[in-house]
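Student: heads up, no residue letters with this:
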């Protein structure tokens, strides 16, 4: 049986119910801990599910920041220092990663048990435990008219990946890296491969690569 | 062992290698088939991994369209008619969903075996097989300076969800819906829940909900 919500039913729903429902609609989301520090050297770490691919040549990534979200420290640090890191989460520290979303006064690195590390002189801190770490520099910002959501575009300056997840063709085996994905506001999952498919052509059945 | 790529190593890599690597960096991505039709009634269906949450009050969603991508029909149809649908993919029609990315001359609905359906007089077609269908109307567009990527914002007008995946608190059980997630350009996965966690507070360990 299919349940139907029209616009009026969504707007009349309890605000928690609506928030849960609408946050789940896009499907599984990427999960990254974003590491930053301010000019005084105070570090910050926060979970984000709105990091996405923008371009490979040159390599760029986008992040969407909701207005009035608990992660404004991250946005302010990036605008101030232009520097941030993306770090994949594994099941080993998934619960601690969720804990970084609390309104800590101190650095999340000091309080949640997640370790920071600094690599190749890059300003922002990385997550030591992460099997994939990416260093980015801010290059462009947009503000959405509809609700003051902020879109940041970063250039990708460094990538550090555990070799167990790096394939010969450059693609990453996220199952092997044990990368975690998130749905809605609070639910975490591991991925299990169905298949990898060949380049799709009309009138020729899709090839299964592995 | 960690493998390090600096900016120069990325730019010197083979373009296929770089494209694979950079497309994988964000982690698991949402997968939606976007259904549209043009003013003449020709339908189109294409897979997108760049759909994300923008707001719950009012309900809104964003989509990022890469420049010169194979999915320009989708973008043109949305700009022309303001109307599109998002449809989750399950393992049953994952291979057919990948096939919609080929450069078909006819409608992907006619050639890949995926069935269209029309609901409540909404202009754009839905995927009949999909356990979660969302109807959206275009309300805002942005073009990124860095590479002409286009960001569309849509208002959410209708949601149709299989009741087996709708929880009492409004959140969706994507494992139960069998929603598929994608990594990189061509790899598809199912999700397996690790845990759902309670609202995070400082100095209080995170509660496991289920």
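Tutor: Received, thanks. Predicted model only: the values in this text are computed from it and were never measured.

Student: poorly predicted segments of chain A, please.
Tutor: Within chain A, the stretches with pLDDT under 70 are A:68-71.

Student: report the central residue of it.
Tutor: residue A:32 (3.2 Å; C-alpha atoms, centre = their mean).

Student: contact partners for it?
Tutor: Residues counted as contacts of residue A:32 (C-beta atoms under 8 Å, 6 or more residues apart in numbering or on different chains) are A:47-48, A:51, A:86-89, B:26-27. C-beta here means a position set from N, CA and C on the backbone, and glycine is covered the same way.

Student: neighbours around the closest residue to residue A:154 other than its chain neighbours, how many?
Tutor: Excluding the flanking residues, the one nearest residue A:154 by C-beta to C-beta, 6 or more residues apart in numbering or on different chains is residue A:136, at 3.4 Å. Residue A:136 has 27 neighbouring residues, counting by other C-beta atoms under 10 Å in any protein chain shown.

Student: before we move on, back to that, in space, what's closest to the residue nearest to the centre of chain A - neighbours in sequence excluded?
Tutor: Of all residues beyond its chain neighbours, the one nearest residue A:32 is residue A:86 (4.4 Å), with distances taken as C-beta to C-beta, 6+ apart.

Student: same deal with residue A:33?
Tutor: Using C-beta to C-beta, 6+ apart and skipping the chain neighbours, the partner closest in space to residue A:33 is residue A:87 (4.4 Å).

Student: now swap in residue A:183 and tell me
Tutor: Leaving aside its chain neighbours, residue A:183 sits nearest to residue B:174 (4.8 Å; criterion: C-beta to C-beta, 6+ apart).

Student: and that neighbour, how close does it get to residue B:164?
Tutor: Using C-beta to C-beta, to the nearest Å, residue B:174 is found at 11 Å from residue B:164.

Student: neighbour count for these two, which is higher?
Tutor: Ranked by neighbour count (other C-beta under 10 Å), residue B:174 and residue B:164 place residue B:174 first, with 26 against 11.

Student: so the more buried one makes contact with residue B:189?
Tutor: No: under the criterion of C-beta atoms under 8 Å, residue B:174 is not in contact with residue B:189, lying 11.6 Å apart.

Student: hang on, residue A:176 in a helix?
Tutor: Yes: counting by DSSP: H, G, I helix; E, B strand; the rest coil, residue A:176 is part of a helix.

Student: relative to residue A:1, how far out is it?
Tutor: Residue A:176 is 39 Å from residue A:1, where distance means C-beta to C-beta.

Student: out of the two, which sits in the more crowded spot?
Tutor: Set residue A:176 next to residue A:1 and count neighbours by other C-beta under 10 Å: residue A:176 wins out with 15 against 7.

Student: ok, the more buried one - contacts?
Tutor: Neighbouring residues of residue A:176 by C-beta under 8 Å, 6+ apart: A:164-165.

Student: same question, the one 4 residues further on
Tutor: By C-beta under 8 Å, 6+ apart, residue A:180 lies in contact with A:31, A:88-91, A:94, A:97, A:188-190, B:27, B:194.

Student: ranges for the helices of chain A?
Tutor: Using DSSP state H, the helices of chain A run over A:7-12, A:15-24, A:72-81, A:94-99, A:108-111, A:174-177.

Student: other SSEs contacting the fourth one?
Tutor: With contacts defined as 3 or more C-beta pairs under 8 Å, 6 or more residues apart in numbering or on different chains; DSSP states H and E, the secondary structure elements packing on helix A:94-99 are strand B:187-196.

Student: parallel or antiparallel, which strands does the strand it packs on pair with?
Tutor: strand A:187-196 (antiparallel), strand B:180-183 (antiparallel) (DSSP bridges).

Student: residues contacting it, please?
Tutor: Counting by C-beta under 8 Å, 6+ apart, residues outside strand B:187-196 touching it are A:28, A:91, A:94-95, A:171, A:174-175, A:180-181, A:183, A:186-197, B:28, B:31, B:89, B:91, B:94, B:98, B:174-175, B:178-183, B:208-210.

Student: and the gap between residue A:149 and residue A:173?
Tutor: Counting by C-beta to C-beta, the gap from residue A:149 to residue A:173 is 32 Å.

Student: kindly report the same for residue A:24.
Tutor: Distance from residue A:24 to residue A:173, by C-beta to C-beta: 27 Å.

Student: between these two, which one's more packed in?
Tutor: Using other C-beta under 10 Å, the more surrounded residue of residue A:24 and residue A:173 is residue A:24, with 28 against 18.

Student: hang on, the more buried one packs against residue B:167?
Tutor: No: if you go by C-beta under 8 Å, residue A:24 and residue B:167 don't touch, sitting 9.3 Å apart.

Student: what is residue A:158 paired to in the beta sheet?
Tutor: On the basis of DSSP bridges, residue A:158 is bridged to residue A:135, residue B:6.

Student: contacts only, for it.
Tutor: By C-beta under 8 Å, 6+ apart, the contact set of residue A:158 is A:119-120, A:122, A:133-135, B:4-7.

Student: in TSV: those, plus neighbour count and distance to residue A:38.
Tutor: Converted to TSV, the contacts of residue A:158 look like this (neighbours: other C-beta atoms under 10 Å in any protein chain shown; distance: C-beta to C-beta, whole Å):
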residue	neighbour count	distance to residue A:38
A:119	16	19
A:120	10	21
A:122	18	15
A:133	26	20
A:134	27	20
A:135	24	17
B:4	12	26
B:5	23	27
B:6	13	25
B:7	16	24
